[in-house]
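K.L.:
sequence unavailable; structure follows:
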Ligand code: NAD
């Protein structure tokens with residue numbers, strides 16, 4: 001008996017990272033999976049992008065669990081692409097029960113130096129892409145009077161990030177979208193929640209600039225990053241968290257056991273957001 005026996009889950013950004021963990025975890029819990037990702041570098045991100053091969057590997061890992069999978073290259077910046085894959089998914093599996101709007105990108109720059117494209121790209125994927133994903137599936141869920149949507153926000157949905165105001169604004173926006181949709185769709189028996197990941201060990205956080213940033217010095221390496229990440233949360237020994245930490249929370253939110261959960265932004269961060277914190281840019285008196 002799995003948490004999601006007989007359900008069908010539609011997951012965006014499933015080529016690697018958290019999206020792959022969502023796909024494999026939900027399949028292990030009994031769900032068939034519709035998995036999408038892009039196959040191209042996106043915007044000015046500094047880290048490794050997902051490829052068609054990565055998405056194929058996700059599909060292979062889902063198949064290995066014994067569940068069925070439909071994987072397609074599709075961009076959350078295109079409603080046309082999302083509508084097509086949702087239609088194909090419903091035709092293949094007969095329905096969609098669960099939506100994980102996970103696709104996202106991360107870039108950094110001081111907001112007053114940022115060009116409009118950097119701002120717009122992050123909104124287009126991280127906020128508008130979530131809206132497009134929900135828009136593509138909602139008529140089907142309303143028709144069925146059932147469903148659970150899980151949107152990926154971030155700890156940056158409940159705190160500021162001085163290096164990424166555009167990302168932080170988008171992730172706060174995801175929570176507003178989630179709360180509004182939860183109110184509207186409750187009448188149809190559809191639940192909408194978000195998960196707010198802390199520091200998660202995926203390609204998004206695994207590259208030189210991130211090592212330097214976490215360690216607080218140039219030319220840091222992965223070991224320095226791992227040591228610095230131990231200061232990010234409150235639980236001893238937990239640094240950059242495995243993507244399964246988020247996938248486990250999402251699988252439960254998707255399950256019937258979470259029947260009373262809607263409109264909530266569930267923070268999974270090893271306690272990062274309860275730490276006292278400090279001011280990284282203090283202005284000295286005088
Ligand atoms: P990741 O970069 O490994 O995965 C993101 C996935 O989204 C990639 O496979 C990428 O190809 C895909 N994607 C990007 N743009 C897309 C588009 N236009 N259409 C379809 N797919 C697209 O990073 P991750 O950590 O797995 O990120 C998953 C989510 O978690 C993102 O929304 C991210 O903002 C959020 N998040 C990550 C962290 C972290 O520390 N890694 C923390 C908080 C929130």
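P.N.:
In hand now; what should we look at? The model shown is predicted, which means the values in this text are computed figures rather than measured ones.
K.L.:
phi, psi for residue 127 please.
P.N.:
Dihedral angles of residue 127 (phi, psi; degrees, to the nearest 10) stand at phi -110, psi -60.
K.L.:
could you report the pLDDT at it?
P.N.:
Per-residue pLDDT puts residue 127 at 98.
K.L.:
same deal with residue 60?
P.N.:
98.
K.L.:
that one looks like it's in a strand, true?
P.N.:
No. Read with DSSP: H, G, I helix; E, B strand; the rest coil, residue 60 is helix and lies in no strand.
K.L.:
gap between it and residue 201?
P.N.:
21 Å (CB to CB, to the nearest Å). For the C-beta atoms, the positions are set from N, CA and C on the backbone; glycine is no exception.
K.L.:
residue 33: what secondary structure?
P.N.:
Following three-state DSSP, residue 33 is assigned to strand.
K.L.:
the top helix by length along the chain: which residues count as buried?
P.N.:
Secondary structure of the chain per DSSP state H: the longest helix is helix 165-186. Buried residues in helix 165-186, counted by 16 or more other CB atoms under 10 Å: 165-175, 177-179, 181-182, 185.
K.L.:
and what of stretch 201-212?
P.N.:
201, 202, 204, 205, 206, 210, 211, 212.
K.L.:
now, which of those lie close to the ligand?
P.N.:
Residues of the buried residues of stretch 201-212 in contact with the ligand (CB under 6 Å from any ligand atom): 202, 204, 205.
K.L.:
in the stretch 151-286 of the chain, where is pLDDT below threshold?
P.N.:
280, 286 (pLDDT under 70).
K.L.:
and it, which of its residues are near the ligand?
P.N.:
Where the stretch 151-286 of the chain comes near the ligand, counting by CB under 6 Å from any ligand atom, the residues are 152, 154, 197, 199, 200, 202, 203, 204, 205.
K.L.:
what do you get if the cut-off is 8 Å, keeping everything else the same?
P.N.:
With CB under 8 Å from any ligand atom as the criterion, the stretch 151-286 of the chain meets the ligand at residues 152-156, 167, 171, 196-205, 240, 243, 246.
K.L.:
and this protein, what are its domains?
P.N.:
8-200+242-270, 201-240 (automatic domain parsing).
K.L.:
circling back to that earlier point, other SSEs contacting the longest helix of the chain?
P.N.:
helix 116-122, helix 128-144, strand 147-152, strand 190-197 (3 or more CB pairs under 8 Å, 6 or more residues apart in numbering; DSSP states H and E).
K.L.:
who are the packing partners of the third one?
P.N.:
If you count contacts as 3+ CB pairs under 8 Å, 6+ apart, strand 147-152 packs onto strand 98-101, helix 128-144, helix 165-186, strand 190-197, helix 244-254.
K.L.:
out of the ones you listed, which comes closest to residue 270?
P.N.:
helix 244-254 (7.9 Å; CB to CB).
K.L.:
and the closest one, what's buried?
P.N.:
Quick answer for helix 244-254 (16+ other CB under 10 Å): 245, 246, 247, 248, 249, 250, 251, 252, 253, 254.
K.L.:
quick check: angle from that helix to strand 190-197?
P.N.:
Helix 244-254 and strand 190-197 are oriented at 170 degrees to each other (axes from the mean of the first three to the mean of the last three CA atoms, to 10 degrees).
K.L.:
distance to residue 24 added to the helices and strands packed on strand 147-152, as TSV?
P.N.:
TSV is the format used below for those (distance: least, CB to CB, whole Å):
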stretch	distance to residue 24
strand 98-101	12
helix 128-144	20
helix 165-186	23
strand 190-197	16
helix 244-254	8
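K.L.:
which residue is the nearest non-sequential neighbour of the residue of the stretch 101-250 of the chain found nearest the ligand?
P.N.:
Taking CB to the nearest ligand atom as the measure, the stretch 101-250 of the chain has residue 104 as its residue closest to the ligand, at 2.3 Å. Counting by CB to CB, 6 or more residues apart in numbering, residue 104 lies nearest to residue 126, which is 4.8 Å off, once chain neighbours are set aside.
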